[in-house]
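In: Okay, here's the prediction I keep looking at, along with the sequence it came from:
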Amino acid sequence: EEFSPNFVMGTPSKLMLFADYLKLKNKTLSIENVLFGGEFLLKSQQQILKNIFNTKRIYSLYGAAEVGTWAWSNYTEDPDKFHFLDNVIIEILNPNDQGYGHIVVTNLLRKRFPLFRYKMGDIGKLSIKNGKEVLILASRESNSFDIHSNTIYLKDLDDLFKNILQ
């Protein structure tokens, strides 16, 4: 309240902790912009942030620990379309009929340790929006799934399913 911020950023889980604290204190803030990254933002969380922070716009960052943060989206308008930095090269391996395939990233922004051809583990395609190339995310690779931002790989469940199916 004292600083009248118009921007707050964090992971969805941390933003939700802050929103829960404000709700407990019967308070709301007027924070027009929210920036998140590192985890998925669920629709229910998005609504809570809009209600507690009176948020008008939500932005998302995209990347990985190995390649850094290299893309962003206006999550309010187009949550699956990510704009990326000029010195980042995106390739789509083995695209299907709709153009979706494995996302491979080369990050030439990193001068000390540039990263060449890192397979992200996500599925997406490249498209053009307003004359500029954007990345459209579809999902994780089919050998894993996410529950509340935790990635679970199917191979880790092999022993469990083997015993159940016998």
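Out: Arrived safely. The structure displayed is predicted, hence computed values, not measured ones. Numbering: from 1, shown residues only.
In: For the strand with the most length in the chain, give me every contacting residue.
Out: Across the chain, the longest stretch assigned as strand under DSSP state E is strand 115-129. For strand 115-129, contacts defined as C-beta atoms under 8 Å, 6 or more residues apart in numbering pick out 64, 66-67, 78, 81, 90-93, 95, 98-107, 133-141, 144. Heads up, the C-betas are built off the backbone N, CA and C, glycines and all.
In: Output the lowest mean pLDDT helix or strand found in this structure.
Out: In the chain, no helix or strand scores lower on mean pLDDT, DSSP states H and E than strand 144-147, which sits at a mean of 60.
In: Buried residues, the helix or strand that contains residue 60. List them.
Out: Using DSSP states H and E, residue 60 maps to strand 57-64. Along strand 57-64, these residues count as buried under the neighbour rule (16 or more other C-beta atoms under 10 Å): 58-64.
In: what does stretch 157-164 give?
Out: Buried residues in stretch 157-164 (16+ other C-beta under 10 Å): none.
In: Any regions of this protein where pLDDT drops low?
Out: 114, 139-155, 165-166 (pLDDT under 70).
In: All the strands of it, residue numbers only.
Out: 7-10, 33-36, 57-64, 68-74, 81-84, 88-93, 101-107, 115-129, 132-140, 144-147, 150-153.
In: Just want the angle from the longest helix seen in the chain to strand 57-64.
Out: Longest among the helix segments of the chain by residue count, using DSSP state H, is helix 12-24. Inter-element angle recorded for helix 12-24 and strand 57-64: 150 degrees (by axes from the mean of the first three to the mean of the last three C-alpha atoms, to 10 degrees).
In: And the contacts of helix 12-24?
Out: By C-beta under 8 Å, 6+ apart, the list of residues contacting helix 12-24 reads 8, 10, 28-29, 34, 36, 38-42, 45, 48-49, 52-53, 149.
In: Return the alpha-carbon coordinates of that helix using PDB.
Out: Only the C-alpha atoms of helix 12-24 are listed here, as PDB (Å, rounded to 0.1, in the frame of the first residue of the first chain):
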ATOM      1  CA  PRO A  12       2.600 -18.700  -9.300                       C
ATOM      2  CA  SER A  13       3.100 -20.500  -6.000                       C
ATOM      3  CA  LYS A  14       4.700 -17.500  -4.300                       C
ATOM      4  CA  LEU A  15       2.200 -15.100  -5.800                       C
ATOM      5  CA  MET A  16      -0.600 -17.300  -4.500                       C
ATOM      6  CA  LEU A  17       1.000 -17.200  -1.000                       C
ATOM      7  CA  PHE A  18       1.000 -13.400  -1.200                       C
ATOM      8  CA  ALA A  19      -2.600 -13.400  -2.400                       C
ATOM      9  CA  ASP A  20      -3.700 -15.800   0.400                       C
ATOM     10  CA  TYR A  21      -2.000 -13.500   3.000                       C
ATOM     11  CA  LEU A  22      -3.900 -10.500   1.600                       C
ATOM     12  CA  LYS A  23      -7.100 -12.400   1.600                       C
ATOM     13  CA  LEU A  24      -6.600 -13.500   5.300                       C
END
